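*Asks:* okay, predicted coordinates and the sequence, questions at the end:
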Amino acid sequence: MKVADRMESIPFSGIRKIFEEVMRREKAGEEIIHLNIGRPDFDTPAHIKEAAKKALDEGKVHYSSNYGIPQLREALADKLQRENQMSYDPGEIIVTVGGNEAVFIAMMGLLDAGDEVLIPDPCWLNYFYCVQMAGGVPVSVPARQEHQFTPSIDDFRSRVTDKTKMIVINTPNNPTGAVYSTESLQALAQLAEEKDLYVLSDEIYEKMVFDGHRHVSFGSLPGMKDRTVTVSGFAKNYSMTGWRLGFVAASPVAISAMVRIHQYVTICATSFAQWGAVAALNGPQDDVAHMIAEFGRRGALVSSALQEMPGIQVAKPAGTFYIFPSITETGKSSQEMAEYLLDEAKIAVVPGHVFGDYGEGFIRLSYANSYENLEKAMASMHKALQKL
Ligand SMILES: Cc1ncc(COP(=O)(O)O)c(C=O)c1O
């Protein structure tokens, strides 16, 4: 029996393929250091777990409102005001099953067949596939290393057509670690206004910024709130990837479209997990601060080690827990380099091509691993590159 035509262009995640090869080798007894992981290596803070356990014990085990429990939407509205300088009413927020679902319902709710969406490349490839599943057309906009991986406004502008409906931005950025400057966001705001475009702003790494870099929410720029779809979540900032909790905040019209998709796909996010998220937002933030300080320390270690390696071009990351060095001078493709490092240095990295055409010539290293393992990994990577 035939499946839907639309699935022909939707592959399995490229990152999964690496994972499978690493698992095969580990089963065979090889010791591999994982620099391929897209999740914090910290436990969820204890008070968040306690709040979810309490909710379970109190019988909060039933469906919640499609939008999420009111207490969480209120806590999110407060957080968006306090931390992001955006005024959303709790009714303009949907609690979703991860940032993933938020992106999916945004594309399904806002795009018509043939609508074009400008997406910085390299990027988290889910944007491409969610656009395609919604019948839209993803359009790559190069995010170049020499411009701190922020696409220039001219590169965005030259790709706008009368079919363009949306721009996607993700800052702080997976895979590059870039944090967009206020000036670049302002230029984008002008373009969005001029061409009447939605801007989906994925801020899932919003707290992970280092060294004086500042995260600015696109929806906080003057006049942008109604055209912005803000996506974020708990996975990265609170080390809650397995809890599957995210959210989307947008104008009432956009929310009304998105909540109908959400309603028919998931009904609501897990109810007792939502009580954990209330504790995450309203409780102490020391664990988060500790985790981010540690990512800053590790990012400094990894970037200075990489800068000493032959054939590598890299700057200190501004945010997230990823670093995206260029490897073009080694003469290897990103796939060849990932395989070489797995063989020679026993480290797992993700080849840049997995993140789009403009990711070729780079590899992504995640420093969601212990400082000691990162020191070991950098030493063996250095040795491996010297052999080339
Ligand atoms: C840029 C970006 N956005 C969204 C997500 C989705 O996060 P989750 O669905 O776990 O909340 C990820 C996960 O890796 C990501 O890297």
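*Replies:* Now that the structure is in, tell me what you want to look at. For clarity, every value in this text was computed on a predicted model and none was experimentally measured. Numbering: from 1, shown residues only.
*Asks:* CA atoms for contacts and neighbours, from now on please.
*Replies:* Fine.
*Asks:* the strands in the stretch 201-350 of the chain, which residues?
*Replies:* In the stretch 201-350 of the chain, strands defined by DSSP state E, counting those that start in this stretch lie at 228-233, 246-249, 322-323, 347-348, 350-351, listed in chain order.
*Asks:* make CSV out of those and add mean neighbour count.
*Replies:* As requested, those are arranged in CSV below (neighbours: other C-alpha atoms under 10 Å):
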stretch, mean neighbour count
strand 228-233, 26
strand 246-249, 27
strand 322-323, 28
strand 347-348, 26
strand 350-351, 28
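*Asks:* the stretch 1-150 of the chain against the ligand: which residues are in contact?
*Replies:* Within the stretch 1-150 of the chain, the positions lying close to the ligand (C-alpha under 6 Å from any ligand atom) are Gly38, Gly98, Gly99, Asn100, Trp124.
*Asks:* could I get the residues you listed as a markdown table with secondary structure?
*Replies:* Output for those, formatted as a markdown table (DSSP: H, G, I helix; E, B strand; the rest coil):
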| residue | secondary structure |
| --- | --- |
| Gly38 | coil |
| Gly98 | helix |
| Gly99 | helix |
| Asn100 | helix |
| Trp124 | coil |
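*Asks:* PyMOL command for the buried members of these?
*Replies:* In PyMOL, this line selects whichever of these come out buried by 16 or more other C-alpha atoms under 10 Å:
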select buried, resi 38+98+99+100+124
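*Asks:* can you pull the domain assignment for this protein?
*Replies:* 5-43+286-386, 61-282 (automatic domain parsing).
*Asks:* rank those domains by pLDDT, which is bottom?
*Replies:* The minimum mean pLDDT among the domains of the chain belongs to domain 5-43+286-386 (a mean of 94).
*Asks:* ok so, going back, quick one, which of the domains of the chain is packed in tightest?
*Replies:* For the domains of the chain, the largest average neighbour count (mean count of other C-alpha atoms under 10 Å) is found in domain 61-282, namely a mean of 20.
*Asks:* OK, now which residue of the stretch 251-388 of the chain is nearest to the ligand?
*Replies:* Taking C-alpha to the nearest ligand atom, the ligand has its nearest neighbour within the stretch 251-388 of the chain at Thr320, 9.3 Å off.
*Asks:* how far is stretch 144-157 from where the chain is centred?
*Replies:* 18 Å (C-alpha atoms, centre = their mean, to the nearest Å).
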